[in-house]
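Engineer: predicted model and sequence follow; I will ask about them next.
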Amino acid sequence: MENRREIACSTLNASYCGVPQARKRYFLIGQLHGEDNALSNYLIKHLSKKSMTVFDYLGHDLGIEYFYRHPRSYKRRAIFSIYEPSPTVRGVNRPIPKTYKKHEGDVCDINEKLRPLSTIERSYIQTFPKTFKFQGNKSDLEQMIGNAVPVKLAEYVARCILQYVQDSSVQVSLHTVS
């Protein structure tokens, strides 16, 4: 008997999966005795036509229109709008340096209302429920939140797998009957 495995691989942008964050994640899913790439279609066919923005997900809950996210390099922009997907939430959260010079891609000037997102706000961007209770010190929490798979992205992939399994079960039982 051949040990055949299905391998489905897909890179998903979380902002098309119900997450207000432009975060790309690679998924590799295997199934013993499965059909090659059958699950890949499920991962793609349910993607939203439009990326989700911070505003789409949280409305005016943050009380701001623009926020600072410390760039990995000052060659990148650092100021973002709630009317676009957030950049990837990382494991570090720094204040705006006094020496920060506006990048050409920044969506507004530095002003007194501009600030980085708080730890809890960053958890909302990762789609943790507002009722979720975190434990640990601030550094640990920042790291946990930044390293997490966004909750809604995991839910999206789980729903795709569930639909695939349900559809496969129907096909198998129909095939067995005939």
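Structural biologist: Structure's in. What do you need?
Engineer: drop to CA atoms for contacts and neighbour counts, all remaining ones
Structural biologist: Will do.
Engineer: skipping adjacent residues, who's closest to the residue most central in space within the chain in space?
Structural biologist: Closest residue to the average C-alpha location of the chain: residue 14 at 3.7 Å, with Cα atoms, centre = their mean. Of all residues not flanking residue 14 in the chain, residue 23 sits nearest, at 5.3 Å (Cα to Cα, 6 or more residues apart in numbering).
Engineer: that neighbour contacts residue 87, correct?
Structural biologist: Yes. At 6.7 Å, residue 23 and residue 87 qualify as touching, with contact defined as Cα atoms under 8 Å.
Engineer: so which of the two has more stuff around it?
Structural biologist: Ranked by neighbour count (other Cα atoms under 10 Å), residue 23 and residue 87 place residue 23 first, with 20 against 17.
Engineer: picking that back up, next one: the residue nearest to the centre of the chain relative to residue 152, how far apart?
Structural biologist: 8 Å (Cα to Cα, to the nearest Å).
Engineer: residues contacting the residue nearest to residue 14?
Structural biologist: 13-15, 87-88 (Cα atoms under 8 Å, 6 or more residues apart in numbering).
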